[in-house]
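Q: Got a sequence here, can you model it:
(one chain, ligands or ions: 1)
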Amino acid sequence: MGDEDWEAEIIKPHMSSYVPVFEKDRYSSGANGDTFNRTPASSSEMDGGPSRRDHFMRSGFASGRSLGNRDAGESNKRENTTTVGSFGAGKGFGNRDFSNKFEEGDTSGFWRDSKYEQDEGTQRTGGLFGSRRPALSGAGNGDTYQSRSCSGSGRGGYKGLNEEVITDSGKNTWKSEAEGGEGGDVQGPKVTYIPPPPPEDEDSIFAHYQTGINFDKYDNILVEVSGHDAPPAILTFEEANLCQTLNNNIAKAGYTKLTPVQKYSIPIILAGRDLMACAQTGSGKTAAFLLPILAHMMRDGITASRFKELQEPECIIVAPTRELINQIYLEARKFSFGTCVRAVVIYGGTQLGHSIRQIVQGCNILCATPGRLMDIISKEKIGLRQVKYLVLDEADRMLDMGFGPEMKKLISCPGMPSKEQRQTLMFSATFPEEIQKLAGEFLKSKYLFVAVGQVGGACRDVQQTILQVGQYSKREKLVEILRNIGDERTMVFVETKKKADFIATFLCQEKISTTSIHGDREQREREQALGDFRCGKCPVLVATSVAARGLDIENVQHVINFDLPSAIDEYVHRIGRTGRCGNTGRAVSFFDPESDSHLAQPLVKVLSDAQQDVPAWLEEIAFSTYVPGFSGSTRGSVFASVDTRKNYQGKSTLNAAGFSSSQAPNPVDDESWD
Ligand SMILES: Nc1ncnc2c1ncn2[C@@H]1O[C@H](COP(=O)(O)OP(=O)(O)OP(=O)(O)O)[C@@H](O)[C@H]1O
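A: Numbering: from 1, shown residues only. Below is the predicted model:
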């Protein structure tokens, strides 16, 4: 379906015009039509003979990432202004009966709990049709949902494959205007949005959700530390010897036990070492860098003072999206509560003057998106001379071709201490090899590398299901699944901004209370959408990859990949929005063989590494697209063999409880994919 088709549907929804009648076989995950079945072992596996998958693994099959750019054509088109107005009540897609769609072959129990099996009469209400609560109301005022063109400012802020940044000249650009149209060279309407200040009361500051039943299982994950003279891991918060205020804040945050990435990273950072750390989604990487930085700042004292014209922060943290950097800021504010350290957040899509006012009130930890950071630096509102800590969260994203140039500019800005004089810390759940190589420019040569579990691997607490669904059957399948899910919070990922609008509108018509987030929505709308999703007002959030990384939202029980991303690492991040901090979650992905075959190999790898069942049909597609020596990547392998440096010493593999596990298999030893 081309753009035009989507647009036609947006303007005049009429499902029957192109969505075929429900055909069970189209969704079939295997030859036997087991739509939701976890795939049984192949006969050769059951015989004890070599399985096809084993063969793939041994022969280097399924290594690396996708070819990417499959949507480049679409994403490079300038989108026309398209307004999704309100649809008249009753113009939905009719009262379809979905009640029997999950019955056959569904032995997995997936989506089948009795609580899912409600009829339409008891569906959640919402949407645009006489709902009890407004859906897709960006301003929270009951406005109907509107999609806007990407011209003008205040939008953008993410530079993913599908999140193109369009300037007024119609050309894509990676410059800072992506953060809100405030870069030097692009004119646009002045951005006036001032985000509401976060609540100041202690209860809100320390609000947190519970760790899940699998939190203690983190201890079994193998950890590999590479590089010279790594300090030993700590096993408890007490061993970190943090000051009393920090310990109090840690307790108030509900942290009683360190996660593996914290056990290893905290002593490394406290020892003043540069670090590249890779650990699964939702396993506490944010605190792993914030706590030791704060400990040092408390120990060494801080220099920035209120209302100085030029603020000189000791720490700069950058992250790829506005919502993520805001979240990191809130964590920094939480852990620095009651100290003299002041954290500030600045990001695009908000009034520049507001950012400046925040900074001049005192700034020790500056949390920023790259575009806004470079704007503020160019306006000489902050000085870099005092920077002792530079943190790149989602570091692989920060160094790739989208943000890499800006990061390079940042480290060569006048006043920025050289890498020898600052401490540089990089964190992510994925670290492709070629990105690791780029990171060398930012890190001291003796940096340490911490790999918790499989580098680039998916969180094992997420139950992954891949369904074969053709393009034209996806919407019907989505509705079917969402109706079975009920009110549980669900993120639905799609590939383009336009499709996010379209699907969100469609779901509203289906009376499923939905909101959406993507780079063309104004910042105010993005924050409202996230707020509505967080509080459960809209239990479904349709998102592009702008929401794939880092977002830590309580109770997200499901992720649905309506469209698979073009790269496997993005898949890992997306499904990591659920199953966080020891909680369990579910991810279901629609695999369209027409467009997703290039992902079959890396998907098989991700699924089997996370001990998930691999559908036989997916193995078959992977097998049929298998090219010997093919890395499946335009950027190299996703699954880096841990540390790409070959000359380090002192590599040690330990389990997360801190004990040597030389007898245990190295988590990446089976990494002979290419
Ligand atoms: N030691 C701990 N004890 C209890 N909860 C923790 C601990 N460490 C982190 N958390 C909580 O776990 C959740 C996930 O942490 P965080 O967002 O830092 O994960 P992450 O590894 O950065 O994930 P992602 O890769 O998706 O960015 C947060 O709600 C955080 O407060």
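
Q: Please count neighbours and contacts with C-alpha atoms only from this point.
A: Noted.

Q: Rounded mean pLDDT for stretch 422-440, please.
A: Stretch 422-440 shows a mean pLDDT of 94.

Q: Mind checking what secondary structure Asp552 has?
A: coil (DSSP: H, G, I helix; E, B strand; the rest coil).

Q: tell me the contacts of it?
A: By Cα atoms under 8 Å, 6 or more residues apart in numbering, the contact set of Asp552 is Gly282, Gln327, Arg577, Arg580.

Q: Closest to Ile435 out of those?
A: Nearest to Ile435 among the contacts of Asp552, counting by Cα to Cα, is Gly282 at 21.4 Å.

Q: what number of residues lie near the closest one?
A: Residues near Gly282, counting by other Cα atoms under 10 Å, number 21.

Q: I figured it hits Ile575, correct?
A: No. Assessed by Cα atoms under 8 Å, Gly282 is found out of contact with Ile575, at 10.4 Å.

Q: Against Ile377, how distant is the closest residue to Asn364 other than its chain neighbours?
A: The shortest distance from Asn364 to any residue other than its chain neighbours is 4.2 Å, reached at Pro313 (Cα to Cα, 6 or more residues apart in numbering). According to Cα to Cα, to the nearest Å, Pro313 and Ile377 sit 12 Å apart.

Q: Please apply the same query to Arg526.
A: According to Cα to Cα, Arg526 and Ile377 sit 26 Å apart.

Q: before we move on, what about Thr584?
A: For Thr584, the distance to Ile377 (Cα to Cα) stands at 42 Å.

Q: So which bits of the protein are right by the ligand?
A: 211, 254-259, 280-287, 428-429, 549-550, 552, 576, 580-581 (Cα under 6 Å from any ligand atom).

Q: What subset of these is buried?
A: Taking 16 or more other Cα atoms under 10 Å as the criterion, what is buried in those is 255, 258-259, 280-287, 428-429, 549-550, 552, 576, 580-581.

Q: Which residue does the stretch 551-674 of the chain have closest to the ligand?
A: Per Cα to the nearest ligand atom, the residue of the stretch 551-674 of the chain with the smallest distance to the ligand is Cys581, at 4.6 Å.

Q: Would you mind measuring from that residue to Ala622?
A: Look at Cys581 and Ala622: by Cα to Cα, they are 32 Å apart.

Q: Poorly predicted segments of the protein, please.
A: For the chain, the stretches with pLDDT under 70 are 1-188, 304-307, 627-642, 646-674.

Q: Send me the longest helix anywhere in it as PDB with only the CA atoms.
A: Secondary structure of the chain per DSSP state H: the longest helix is helix 285-300. Provided in PDB are the C-alpha atoms of helix 285-300 (Å, rounded to 0.1, in the frame of the first residue of the first chain):
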ATOM      1  CA  LYS A 285      21.700   1.400  33.300                       C
ATOM      2  CA  THR A 286      20.600   4.900  34.300                       C
ATOM      3  CA  ALA A 287      21.400   4.500  38.000                       C
ATOM      4  CA  ALA A 288      24.600   2.700  37.000                       C
ATOM      5  CA  PHE A 289      26.000   5.900  35.700                       C
ATOM      6  CA  LEU A 290      24.100   8.500  37.800                       C
ATOM      7  CA  LEU A 291      25.000   7.100  41.200                       C
ATOM      8  CA  PRO A 292      28.800   7.100  40.900                       C
ATOM      9  CA  ILE A 293      28.800  10.400  39.100                       C
ATOM     10  CA  LEU A 294      26.800  12.000  41.900                       C
ATOM     11  CA  ALA A 295      29.000  10.300  44.500                       C
ATOM     12  CA  HIS A 296      32.100  11.900  42.900                       C
ATOM     13  CA  MET A 297      30.400  15.300  42.600                       C
ATOM     14  CA  MET A 298      29.500  15.200  46.300                       C
ATOM     15  CA  ARG A 299      33.000  14.200  47.200                       C
ATOM     16  CA  ASP A 300      34.800  16.700  45.000                       C
END
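
Q: Could you list the residues in contact with that helix?
A: If you take Cα under 8 Å, 6+ apart as the criterion, helix 285-300 is touched by 242-243, 246, 261-262, 265-267, 269-270, 279, 314, 328, 331-332, 335-336, 339, 341, 389, 391, 425, 427-428.

Q: just to revisit the earlier point, out of Thr584 and Ile377, which sits in the busier spot?
A: The neighbour comparison of Thr584 against Ile377 (other Cα under 10 Å) goes to Thr584, with 21 against 16.

Q: quick one: contacts for that one?
A: Gly212, Ile213, Asn214, Asp461, Val462, Gln463, Gln557, Thr578.

Q: can you do 6 Å?
A: By Cα atoms under 6 Å, 6 or more residues apart in numbering, the contact set of Thr584 is Asp461, Val462.

Q: ok, now the one 5 residues further on?
A: Contact criterion Cα under 6 Å, 6+ apart gives Ile466, Ile560, Asn561 as the residues in contact with Ser589.

Q: could you redo the last one with a cut-off of 10 Å?
A: Applying Cα atoms under 10 Å, 6 or more residues apart in numbering, we find Ser589 in contact with 464-469, 492-493, 559-565, 571, 575.

Q: picking that back up, mind listing the shared neighbours of Gly282 and Ile575?
A: With Cα under 10 Å, 6+ apart as the test, Gly282 and Ile575 both reach Cys459.

Q: picking that back up, so which two of the contacts of Asp552 are the farthest from each other?
A: Gln327 and Arg580 (15.1 Å).

Q: Buried residues of the longest helix of the chain, list them for me.
A: Neighbour-count burial for helix 285-300 [16+ other Cα under 10 Å]: 285-298.

Q: circling back to that earlier point, narrow the contacts of Asp552 to those in helices?
A: Those of the contacts of Asp552 lying in helices (DSSP H): Gln327.

Q: Could you list which of the contacts of Asp552 belong to strands?
A: Among these, no member is found in strands (DSSP state E).

Q: okay, the contacts of Asp552 in TSV with distance to Val191 next?
A: Rendered in TSV, the data for the contacts of Asp552 read as follows (distance: Cα to Cα, whole Å):
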residue	distance to Val191
Gly282	33
Gln327	22
Arg577	30
Arg580	35
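
Q: Quick check, Phe337 in contact with Ser204.
A: No. Contact between Phe337 and Ser204 fails when scored by Cα atoms under 10 Å: they sit 12.0 Å apart.

Q: More neighbours: which of the two?
A: The neighbour comparison of Phe337 against Ser204 (other Cα under 10 Å) goes to Phe337, with 19 against 11.

Q: show me what contacts the more buried one?
A: Counting by Cα under 10 Å, 6+ apart, Phe337 makes contact with Glu202, Ile205, Phe206, Thr245, Leu246, Asn248, Asn249, Glu331, Ala343.

Q: Pull out the buried residues from these.
A: Ile205, Phe206, Thr245, Leu246, Asn249, Glu331, Ala343.

Q: For Arg397, state which of the residues you listed is nearest.
A: Among the buried ones among the contacts of Phe337, Glu331 lies closest to Arg397 (Cα to Cα), at 20.6 Å.

Q: Most proximal residue of the stretch 101-250 of the chain with respect to the ligand?
A: Closest point on the stretch 101-250 of the chain to the ligand, by Cα to the nearest ligand atom, is Thr211, at 5.7 Å.

Q: in a helix, that's where that residue is, yeah?
A: No. With three-state DSSP as the criterion, Thr211 is located in coil rather than a helix.

Q: Surely it and Arg580 touch.
A: Yes. Judged on Cα under 10 Å, Thr211 makes contact with Arg580 at a distance of 8.0 Å.

Q: can you give me the helices in the stretch 151-300 of the chain?
A: 202-205, 244-252, 260-270, 285-300 (DSSP state H, counting those that start in this stretch).

Q: These: which one's closest to Pro405?
A: Among the helices of the stretch 151-300 of the chain, helix 285-300 comes nearest to Pro405, with 23.8 Å by Cα to Cα.

Q: Quick check: next helix or strand after that closest one?
A: Toward the C-terminal end, the helix or strand that comes next after helix 285-300 (DSSP states H and E) is strand 315-318.

Q: Appreciated, that's everything.
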